[in-house]
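Student: Sequence and predicted structure are below.
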Amino acid sequence: MDYRKFPKIELHRHLDGSVRVKTIRDLAVAGRFPLPTRDLDRLAPHCRVGRNCRSLGQFLQKFFFFYDFLKSPEAVERIAYEVCEDAAKDNIIYLETRFAPILQATREFSMEDTVACALRGIARGQKRFGITVRLILCCYRSESPASSIDTVEIAKRHLGRGVVGVDLAGDEVRYPARPHYPAFCLAQKYGIPITVHAGEACGPERVREALTRMGARRIGHGIHSVDDRRILDMLLEQKVTLEICPTSNVQTRCAPSFRAHPLKQLADAGVSVTINSDDPGVSNITLSHEYTAAVTQCGLTHDQLALSVRAAADAAFCDRATRRRLRRIIDQKWFRPKRRTA
Ligand SMILES: [Zn+2]
């Protein structure tokens, strides 16, 4: 089945993990940063993970190579615009992309301005490529609790104007979520939809923490929920949706292989699962690639995949009119398809 032809929804894609190699080169040149090479083929291995990646920590290390190039208004607007173009090209009709303002801000470029620039790029991209794109602002585990409060305050100011939620991202092995509880308390008070990276590299207790202490409605990854029946029951009872990213999980070794990935087990247990690309630039993949991997390698049936796309429409942090439109398109194309051979 060629999933490029199907309309798709993505809820979990990092803006900074989606940057094209050519854009990384252009931004480095523009900012006068030294590069090991300007040749794109030779530059690519510096920006993408290879087979030798051993952990989430090593995966995140890749970002250090190019992160300094991204800290300017032009860079943020450009990568936001290009994420719209790349997603539309892959027939994604609705995308929630995310980034951590604290990581892209500098003394001269405020967190608030990073968000304004991202929203400008998204506004241009949506118009040009006919795709709906919303923004989630990430608090970051290794950054200060105060920066997370600032992130939530910025999200509140832009809520309903392009920003639809907040997240906690970063290395959950080395940095616990607890210091960021106050920020998530505030987000709940403001009624901002919350998703939290949890149960990716760590166990199911982190998923419980995200649900009970942080008000998460969705969980980024959450694959280790499968290790605890009580957490699975919690996900089912509270109708929590998991944002699963198969290739990312295999590359970070959070799942040993595609075949051993718990996606199928979670779907069989009735958990609301969605398929996402996480960092398509760093992983060198597309969402269609992930849909294909979900079926051919993780063992999901085509019908389960169709249900996951519908689940993504249901769990999107969008307004009701947008959800109705997404549901209509998904139901038409995924559930009443004219049978055609792939
Ligand atoms: Zn992620």
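Tutor: Happy to help now that I have it. Numbering: from 1, shown residues only.
Student: now the strands: where do they sit in the chain?
Tutor: With DSSP state E, the ranges of strands along the chain come out as 8-14, 92-99, 132-140, 163-169, 194-198, 218-221, 241-244, 272-275.
Student: Strand partners (parallel or antiparallel) of the third one?
Tutor: For strand 132-140, sheet partners with direction are given as strand 92-99 (parallel), strand 163-169 (parallel), following DSSP bridges.
Student: Please convert these to a markdown table, extending it with distance to Ala187.
Tutor: (C-beta placed from N, C-alpha, C; glycine too.) As requested, the strands paired with strand 132-140 are arranged in a markdown table below (distance: least, Cβ to Cβ, whole Å):
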| stretch | distance to Ala187 |
| --- | --- |
| strand 92-99 | 14 |
| strand 163-169 | 5 |
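Student: Need those strands in CSV (columns: mean pLDDT, mean neighbour count and distance to Arg259).
Tutor: Shown next, in CSV, are these (pLDDT from 0 to 100; neighbours: other Cβ atoms under 10 Å; distance: least, Cβ to Cβ, whole Å):
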stretch, mean pLDDT, mean neighbour count, distance to Arg259
strand 92-99, 98, 26, 26
strand 163-169, 98, 26, 27
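Student: out of the ones you listed, nearest to Ile275?
Tutor: strand 92-99 (11.4 Å; Cβ to Cβ).
Student: what angle sits between the closest one and strand 8-14?
Tutor: 10 degrees (axes from the mean of the first three to the mean of the last three Cα atoms, to 10 degrees).
Student: Give me the angle between strand 92-99 and strand 194-198.
Tutor: 70 degrees.
Student: picking up where we left off before, the strands of the chain: which one's closest to Arg323?
Tutor: Nearest of the strands of the chain to Arg323, taken as Cβ to Cβ: strand 92-99 at 9.2 Å.
Student: who's in contact with the closest one?
Tutor: Residues from elsewhere that reach strand 92-99 (Cβ atoms under 8 Å, 6 or more residues apart in numbering): 7-16, 18, 80, 83-84, 87, 114, 118, 122, 131-138, 164-165, 167, 169, 287, 312-313, 316-318, 322, 326, 329.
Student: switch the cut-off to 7 Å
Tutor: Strand 92-99 is contacted from outside by 7-11, 13-16, 83, 87, 118, 131-136, 138, 164, 167, 287, 316-318, 326, 329, using Cβ atoms under 7 Å, 6 or more residues apart in numbering.
Student: Figure out how far that strand is from the centre of its chain.
Tutor: Centroid separation between strand 92-99 and its chain, computed with Cα atoms, centre = their mean, to the nearest Å, is 8 Å.
Student: got it, and stretch 284-296?
Tutor: Chain-centre distance of stretch 284-296: 15 Å, with Cα atoms, centre = their mean.
Student: Low-confidence stretches in the chain?
Tutor: 337-342 (pLDDT under 70).
Student: circling back: may I see the strands of the chain arranged in TSV, with distance to Asp303 as well?
Tutor: Putting those into TSV (distance: least, Cβ to Cβ, whole Å) gives the following:
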stretch	distance to Asp303
strand 8-14	16
strand 92-99	20
strand 132-140	25
strand 163-169	29
strand 194-198	26
strand 218-221	22
strand 241-244	17
strand 272-275	13
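Student: and of those strands, who's closest to Ala210?
Tutor: Nearest to Ala210, of all the strands of the chain, is strand 194-198, at 3.9 Å by Cβ to Cβ.
Student: got a list of contacts for the closest one?
Tutor: 136, 165-169, 172, 184, 187, 206-207, 209-210, 214-222, 243.
Student: let's see it at 6 Å
Tutor: Strand 194-198 has contacts (Cβ atoms under 6 Å, 6 or more residues apart in numbering) with 166-169, 187, 206-207, 210, 214-220.
Student: what does stretch 171-181 give?
Tutor: Leu56, Gly57, Leu60, Cys139, Arg141, Ser142, Pro145, Ser148, Leu168, Ala201, Cys202, Arg213.
Student: mind listing what the fifth one touches?
Tutor: Arg141 makes contact with Gly170, Tyr175, according to Cβ under 6 Å, 6+ apart.
Student: And Val29, how far from Thr23?
Tutor: Val29 is 11 Å from Thr23, where distance means Cβ to Cβ, to the nearest Å.
Student: Looking at the two, which is more packed in?
Tutor: Neighbour totals were compared for Val29 and Thr23, and Thr23 leads with 19 against 12 (other Cβ atoms under 10 Å).
Student: Phe33 is nearest to which of the strands paired with strand 132-140?
Tutor: Closest to Phe33 of the strands paired with strand 132-140 is strand 92-99 (Cβ to Cβ; 19.5 Å).
Student: give me the number of residues near Ala155?
Tutor: Using other Cβ under 10 Å, Ala155 has 28 neighbouring residues.
Student: looking at it, it is touching Asp167, isn't it?
Tutor: No. Counting by Cβ atoms under 6 Å, Ala155 does not reach Asp167; the two are 9.7 Å apart.
Student: ranges for the helices of the stretch 101-250 of the chain?
Tutor: Ranges of helices in the stretch 101-250 of the chain, per DSSP state H, counting those that start in this stretch, are 101-104, 111-129, 145-158, 181-190, 205-212, 229-237, 246-251.
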